[in-house]
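Chemist: quick check, what structure comes out for this input:
(chains A and B)
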Number of protein chains: 2
Amino acid sequence: MINKERIAAEYQQIQDEICAALEALDGKAKFQEEIWERDGGGGGRTRIIQNGNLFEKGGVNFSAVYGKLPEAIKKAFAVDEEDFFATGVSIVIHPNNPHVPIIHMNIRYFELNENMRWFGGGIDLTPHYVIADDATFFHQQLKNVCDKHHADFYAEFKTWADNYFFIKHRNETRGIGGVFYDKLTPEKTGLSYEEIFNFSCDLGRTFAPTYTELVNRHSKDTFTTTHKDWQLLRRGRYVEFNLVYDSGTKFGLETNGRIESILMSLPAQANWFYDFKAIPGSAEQQTLDYLRKGVNWVE
Amino acid sequence: MINKERIAAEYQQIQDEICAALEALDGKAKFQEEIWERDGGGGGRTRIIQNGNLFEKGGVNFSAVYGKLPEAIKKAFAVDEEDFFATGVSIVIHPNNPHVPIIHMNIRYFELNENMRWFGGGIDLTPHYVIADDATFFHQQLKNVCDKHHADFYAEFKTWADNYFFIKHRNETRGIGGVFYDKLTPEKTGLSYEEIFNFSCDLGRTFAPTYTELVNRHSKDTFTTTHKDWQLLRRGRYVEFNLVYDSGTKFGLETNGRIESILMSLPAQANWFYDFKAIPGSAEQQTLDYLRKGVNWVE
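Modeler: I've put the predicted structure just below:
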């Protein structure tokens, strides 16, 4: 029987597996761990990797928090419930090399009571330079996981990601998207809670091999100051998305979460160049042309 | 008689005066101007200064926009009005030297109809290192302007600034505050629209001499990488405030404003160091100790 203790335990296990894989990949940096407790209930294990061979800054965080539901969240969910439980794994990795993409993953479970509980999550990729072959590989990996569990998941969650990871004020997507889903229940999916949970774990476990492949493809690529400046500009866009739109960040700030864990998603350095214009035909402009909704990377 | 055309014209004049003063102060960089038009009505003159002797990046923007009031703003203001007019001058300056403070100023006028119109604005200072003498000088300048117009303005607007320029998730003020006011009307102040307008112009005209004095006090101070890293961290906090809380930024993003003009407030570079802890007794810790509400800098 699936319950919150088992979900939290399995998500912790996934955190361990991913941290081990990323440390092996980097070859130098080790995760620094903070165990923290939340005023009001629960806590987490924040793990940060910094100044590595490959990874400039990244976090692989687990948390399991509970307590009184804040008023703002009650309103947002339109519920009268007093208590909540939430557990999940959240990842953001900012690599050194501009040719290696930024990646984000989250799997989470939220419970208000026996009848109001659901799974959410997603993975999306933000290449500083979009490369079609890599984008197709990434989306194919996600599609394979989705297809194992539900014939409609990939198409539906891919569109959801296009809409979610969208920087409205720039009229551009954050990157090449991926999958995003929220409030998955048996009623909505035809799957049992156990089956939805298994899907979320499979998605979590596709993170490490998928990102490892993408990192290995590009971690030895040479780069110039033009590439680096572009990376810093794209990181600025990442900051804009996370602080202006990201629901997880907002939820964390409003539920009195651990600030340094929530904002681990922000890069070590980001730049804003006033009114940057990409040169027509440049690799930067080609990337901008890809940053729109509805690009189909797999058949 | 005070009307929107005269307010816009005078605010433009103030923009000109401030740009001339800042160029003279910097001695090298010149403002780059973009004249832009807004889809839906109005436009502005964005002026950006970059890579100067003293100023790394800054903007002194004027705009006068009008059109249909967006639904989100209607809700926020709880009004049914269809049309709006808004004009103002907005400034943010990020200096090179960490011993020179970041400064922000805004004066604005907003009109829905003959009976619903008001002035807003403020100036606040964000020293990377808080120095008591400078803070007292800055607040005294603001108090002098306020006192000329209304006995209660300084005390009231100083408290308002403490509450407004507050980074809730960090539990710290953005800097040492200043003054902030909004929706000033004859009904609320006992002053005529003309008198409130004159106050806003006087506040606008205190910007240049006040900032000039502070810049001259510190622009030749030497600094180390420790100072520079701290500046980059404080700029990260500035980004957090502007993207998460600042009403002007939100208004601009929601009314389809010119993005590069709105986000000129973001620094050329900002850094996020995971879980930074200031050394007890250090200049950084002393600054953190000042970043709270209710510090009275003048008698």
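Chemist: Three-state assignment for the closest residue to chain B within the stretch 51-200 of chain A, please.
Modeler: Going by C-beta to the nearest C-beta, chain B is nearest to residue A:169 of the stretch 51-200 of chain A, at 4.6 Å. Placement of C-beta: from N, CA and C, glycine included. Residue A:169 falls in the helix class when you classify it by DSSP: H, G, I helix; E, B strand; the rest coil.
Chemist: tell me, what's the model's pLDDT at the nearest residue to it once chain neighbours are set aside?
Modeler: Among residues not flanking residue A:169 along the chain, residue B:253 sits closest, at 4.6 Å (C-beta to C-beta, 6 or more residues apart in numbering or on different chains). Predicted confidence (pLDDT) for residue B:253: 85.
Chemist: tell me the phi and psi of residue B:253?
Modeler: phi -70, psi -40 (degrees, to the nearest 10).
Chemist: what does residue A:241 give?
Modeler: phi -60, psi -50.
Chemist: distance check, it against residue A:249.
Modeler: 9 Å (C-beta to C-beta, to the nearest Å).
Chemist: swap in residue A:234?
Modeler: Counting by C-beta to C-beta, the gap from residue A:234 to residue A:249 is 18 Å.
Chemist: between those two, which has more neighbouring residues?
Modeler: Shown here are residue A:234 and residue A:249; by other C-beta atoms under 10 Å in any protein chain shown, residue A:234 has more neighbours (25 against 21).
Chemist: if we can go back for a sec, okay, now the residue of the stretch 51-200 of chain A closest to chain B: neighbour count?
Modeler: 18.
Chemist: pLDDT score for it?
Modeler: Residue A:169 is assigned 94 on the pLDDT scale.
Chemist: list the contacts of it.
Modeler: Residue A:169 is in contact with A:240, A:244, B:253, B:259, B:262, counting by C-beta atoms under 8 Å, 6 or more residues apart in numbering or on different chains.
Chemist: quick one: which of these sit in helices?
Modeler: Among the contacts of residue A:169, the ones falling in helices (DSSP state H) are A:240, A:244, B:253, B:259, B:262.
Chemist: most neighbours out of those residues, which is it?
Modeler: That'd be residue B:262 among the ones in helices among the contacts of residue A:169, by other C-beta under 10 Å, with 24 neighbours.
Chemist: give the buried residues for the helix or strand hosting residue A:287.
Modeler: Element membership of residue A:287 [criterion: DSSP states H and E] is helix A:283-290. By 16 or more other C-beta atoms under 10 Å in any protein chain shown, the buried positions in helix A:283-290 come out as A:283, A:284, A:287, A:290.
Chemist: can you list the residues you listed in a markdown table and add distance to chain B and pLDDT?
Modeler: What follows is those, written out as a markdown table (distance: C-beta to the nearest C-beta, whole Å; pLDDT from 0 to 100):
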| residue | distance to chain B | pLDDT |
| --- | --- | --- |
| A:283 | 22 | 98 |
| A:284 | 16 | 98 |
| A:287 | 18 | 98 |
| A:290 | 20 | 98 |
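Chemist: which one of these sits closest to residue B:16?
Modeler: Nearest to residue B:16 out of those is residue A:284 (C-beta to C-beta; 35.1 Å).
Chemist: check the secondary structure at the residue nearest to that closest one when sequence neighbours are not counted for me.
Modeler: Excluding the flanking residues, the one nearest residue A:284 by C-beta to C-beta, 6+ apart is residue A:278, at 4.0 Å. Under the three-state scheme (three-state DSSP), residue A:278 adopts coil.
Chemist: now do the phi/psi pair for residue A:278.
Modeler: Per degrees, to the nearest 10, the backbone of residue A:278 is at phi -70, psi 150.
Chemist: ends of stretch A:145-162, how far apart?
Modeler: 18 Å (C-alpha to C-alpha, to the nearest Å).
Chemist: chain center to that stretch, what's the gap?
Modeler: From the chain centre to the centre of stretch A:145-162 is a distance of 16 Å (C-alpha atoms, centre = their mean, to the nearest Å).
Chemist: can you list the buried residues in it?
Modeler: A:145, A:146, A:149, A:150, A:153, A:154, A:156, A:157, A:158, A:160, A:161, A:162.
Chemist: contacting residues around that stretch?
Modeler: By C-beta under 8 Å, 6+ apart, stretch A:145-162 touches A:122, A:124, A:139, A:142-143, A:173, A:177-182, A:189-191, A:195, A:198-199, A:202-203, A:206, A:293-294.
Chemist: bridging residues for whichever residue of the stretch 1-150 of chain A sits closest to chain B?
Modeler: When scored by C-beta to the nearest C-beta, the stretch 1-150 of chain A has residue A:48 as its residue closest to chain B, at 5.0 Å. Counting by DSSP bridges, residue A:48 is bridged to residue A:32, residue A:59.
Chemist: ok, it - contacts?
Modeler: A:31, A:32, A:34, A:57, A:58, A:59, A:264, B:274, B:275.
Chemist: near chain B, which residues of chain A are found?
Modeler: A:32, A:34, A:48, A:50, A:57, A:59, A:168-170, A:232, A:236, A:239-240, A:243-244, A:253, A:259-260, A:262-264, A:266-275 (C-beta under 8 Å from any C-beta of the partner chain).
Chemist: can you tell me which of these are buried?
Modeler: A:34, A:48, A:50, A:57, A:59, A:169-170, A:232, A:236, A:239-240, A:243-244, A:253, A:259-260, A:262-264, A:266-274.
Chemist: where do the strands of the stretch 101-250 of chain A begin and end?
Modeler: With strands called from DSSP state E, counting those that start in this stretch, the stretch 101-250 of chain A shows them at A:102-113, A:116-126, A:166-167, A:172-173, A:178-184.
Chemist: dump these to a markdown table, plus distance to residue B:108 and mean neighbour count.
Modeler: As requested, the strands of the stretch 101-250 of chain A are arranged in a markdown table below (distance: least, C-beta to C-beta, whole Å; neighbours: other C-beta atoms under 10 Å in any protein chain shown):
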| stretch | distance to residue B:108 | mean neighbour count |
| --- | --- | --- |
| strand A:102-113 | 37 | 22 |
| strand A:116-126 | 35 | 22 |
| strand A:166-167 | 26 | 18 |
| strand A:172-173 | 29 | 21 |
| strand A:178-184 | 38 | 21 |
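Chemist: minimum distance to residue A:15: which of the ones you listed has it?
Modeler: Comparing those by C-beta to C-beta, strand A:102-113 comes nearest, at 10.0 Å.
Chemist: avg pLDDT for that closest one?
Modeler: Here the average pLDDT along strand A:102-113 is 96.
Chemist: swap in stretch A:28-43?
Modeler: On average, stretch A:28-43 scores 94.
Chemist: quick check: buried residues in that stretch?
Modeler: Buried-residue list, stretch A:28-43, by 16+ other C-beta under 10 Å: A:29, A:31, A:34, A:38, A:42, A:43.
Chemist: and these, which two are the farthest apart?
Modeler: Across the buried residues of stretch A:28-43 (C-beta to C-beta), the longest gap, 28.0 Å, separates A:29 and A:42.
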